[in-house]
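Engineer: Predicted model and sequence below, questions to follow.
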Amino acid sequence: MTSLRKQTTLSNGLTIVTETVDTVRSVALGIWVRAGSRYEPEPLAGISHFLEHTVFKGTKNRSTFEIASSLESVGGHLNAFTTKEYTCYHARFLSEYLEEAVDVLSDLLLHPTFPSAEIEREKSVVLDELRDSKDVPEELAFDTFEQFLYPDNSIGKPILGNETSINGFTPEALTAYLDKNYSPENTIIVAAGFVDHEALVKLIEERYDRPGSGANDFEAIEASSYVPGKEIRTKDIQQSHLITGLPIFSVFDERRYDIAVLNSILSGGMSSRLFQNIREAHGVAYQIFSFVNLYRDTGSFGVYLATDPTKRDLAVELTLTELEKMVKDPVSAAELEMVKAQYKSGIVMGDESMERRMMRLGRQQIYYGENIGLDKFLKKIEAIDVERIQVLARELFNPDKFFTSILEPANAV
């Protein structure tokens, strides 16, 4: 599979990136905007996500149904998602429908009408989504964990917002938020697949004419605001859901490669340490995994598990023992090589999907303003050795620095 990557920045600050792959006939196209829940003031909590929903409710040129059928009618699909630091509107289609895809995506972000009746209906939908998330113990546990890691900062708040803020959204508030945050300087258009770069640039120049309004800003994390400890909350559930971990470095830290491999050692599959030693050997947790979230100015590492309340303390003890092993005993060269091979294979095979390739390119552009080629990325992983893994484990895995968030059955306390 051969590919050619090109990048153009227009005079208004809009960046267009393509990776042309001549062995496929489809295209994955995404419009990425540096606007997520951490950019929201408290009264507008959840507006990034709500905006992502409501641009699909009608534009000056299309009805809700016409938006939905625009690409579906030719076998493609259109969707969007919101994170804490960006929002992505994306489409997948045959290359011959590039103009239609650019046209509808541009229309969504440049000409939404925010009909009042549709907004009121969508409030009910998003409120149901919010309530559903509170019924899922795992989601509730993660929301609680980040609230305590990042107190009094929007990055610690749920992406969906809260009932008060959602009920207060108006067409005027949505329009103002879009005009302020969806500027060309904050927007990157990425395409991967059988796409001609110059043709895409021309289509964008003809359609995406939003004027510049400057880069977005957000409230940075104060490292001193974090306090280790433990918080127990109760809910009408059957199992204990627990997360233990701590804040770590940002997405710009070179150790991001090391933490990715370290995380894979702990939780990279059924052969990983947490799965084998907590679930298989001791049978104290059906679901257990470690995770890493990296943001612009901070990050988090943690371990999540769900277990019977009577086994909770044992599960935590065993988990901390596994982390302690990584501090005291170097990972064997054989295990490290196996994990690196698994990790690299996942990246390479994922790149064979045009949609996943576009997502990787988009995330890199959002954070780094450039793309890290696959060969360079793989060399970064290959360079990680036993000593680097142990140095990082020693730095991070101090239980005295951990915060533990527990969601417990009400009758277990």
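Structural biologist: Looks like it came in fine. A quick note: this is a predicted structure, and the numbers were derived from the prediction, not measured. Numbering: from 1, shown residues only.
Engineer: Please count neighbours and contacts with C-alpha atoms only from this point.
Structural biologist: Will do.
Engineer: Need the distance between the two termini of stretch 369-384.
Structural biologist: 24 Å (CA to CA, to the nearest Å).
Engineer: who's in contact with it?
Structural biologist: 257-258, 261, 340, 344, 348, 361, 364-365 (CA atoms under 8 Å, 6 or more residues apart in numbering).
Engineer: one more time with 10 Å, if that's ok
Structural biologist: Residues from elsewhere that reach stretch 369-384 (CA atoms under 10 Å, 6 or more residues apart in numbering): 5, 7, 15, 17, 188, 254-255, 257-258, 260-262, 336-337, 340-341, 343-345, 347-348, 351, 360-365.
Engineer: quick one, strands of the stretch 301-413 of the chain?
Structural biologist: Taking DSSP state E, counting those that start in this stretch as the test, the strands found in the stretch 301-413 of the chain are 403-409.
Engineer: now swap in the stretch 1-150 of the chain and tell me
Structural biologist: In the stretch 1-150 of the chain, the segments counted as strands under DSSP E, counting those that start in this stretch are 3-9, 15-21, 26-33, 77-82, 87-94.
Engineer: out of the contacts of stretch 369-384, which are buried?
Structural biologist: Buried subset of the contacts of stretch 369-384 (neighbour count, 16 or more other CA atoms under 10 Å): 7, 15, 17, 188, 257-258, 260-262, 336-337, 340, 343-344, 347, 351, 360-363, 365.
Engineer: Of the strands of the stretch 1-150 of the chain, which stretch is the most buried?
Structural biologist: Most buried of those by mean neighbour count (mean count of other CA atoms under 10 Å) is strand 26-33; its value is a mean of 26.
Engineer: sorry, back to before: of the buried ones among the contacts of stretch 369-384, which belong to helices?
Structural biologist: 257-258, 260-262, 336-337, 340, 343-344, 347, 360-363, 365 (DSSP state H).
Engineer: just to revisit the earlier point, what I need now is the strands of the stretch 1-150 of the chain written out in a markdown table, including distance to E139 and mean pLDDT for each item.
Structural biologist: Formatted as a markdown table, the strands of the stretch 1-150 of the chain follow (distance: least, CA to CA, whole Å; pLDDT from 0 to 100):
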| stretch | distance to E139 | mean pLDDT |
| --- | --- | --- |
| strand 3-9 | 37 | 91 |
| strand 15-21 | 34 | 96 |
| strand 26-33 | 25 | 98 |
| strand 77-82 | 16 | 97 |
| strand 87-94 | 20 | 98 |
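Engineer: got CSV for those strands, with distance to K60 too?
Structural biologist: Putting the strands of the stretch 1-150 of the chain into CSV (distance: least, CA to CA, whole Å) gives the following:
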stretch, distance to K60
strand 3-9, 27
strand 15-21, 25
strand 26-33, 19
strand 77-82, 18
strand 87-94, 18
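Engineer: what residues are up against the closest residue in space to V24 that isn't next to it in sequence?
Structural biologist: Using CA to CA, 6 or more residues apart in numbering and skipping the chain neighbours, the partner closest in space to V24 is F194 (5.9 Å). Residues counted as contacts of F194 (CA under 10 Å, 6+ apart) are 3, 18-28, 94-96, 98, 354.
Engineer: per-residue pLDDT, F194?
Structural biologist: At F194, the pLDDT value in this model is 97.
Engineer: Distance check, the residue lying closest to N167 once chain neighbours are set aside against S116.
Structural biologist: Once flanking residues are discounted, N167 sits nearest to K123: 6.6 Å by CA to CA, 6+ apart. Distance of K123 to S116, given as CA to CA: 11 Å.
Engineer: N411 too?
Structural biologist: Counting by CA to CA, the gap from N411 to S116 is 44 Å.
Engineer: and what of S345?
Structural biologist: Distance from S345 to S116, by CA to CA: 48 Å.
Engineer: what does N12 give?
Structural biologist: 31 Å.
Engineer: More neighbours: which of those two?
Structural biologist: Neighbours were counted for N12 and for S116 using other CA atoms under 10 Å; N12 has more, 14 against 11.
Engineer: Domain boundaries for the protein, per the record?
Structural biologist: Listed by automatic domain parsing, the domain ranges of the chain are 3-207, 226-412.
Engineer: Off-centre distance for the first one?
Structural biologist: Pointing back at domain 3-207 there. 13 Å (CA atoms, centre = their mean, to the nearest Å).
Engineer: Tell me how far L200 lies from L105.
Structural biologist: Using CA to CA, L200 is found at 13 Å from L105.
Engineer: So between these two, which is more surrounded?
Structural biologist: More neighbours surround L105 than the other of L200 and L105, with 23 against 20 (other CA under 10 Å).
Engineer: Can you name the residues that contact that one?
Structural biologist: 29-31, 55-56, 67, 78-79, 89-91, 207-208.
Engineer: residues in contact with P184?
Structural biologist: Counting by CA under 10 Å, 6+ apart, P184 has contacts 9-15, 33, 208-215.
Engineer: For S95, see how far away it is.
Structural biologist: Going from P184 to S95 by CA to CA gives 25 Å.
Engineer: pLDDT weak spots in this protein?
Structural biologist: For the chain, residues meeting the criterion pLDDT under 70 lie at 1-2, 214, 412-413.
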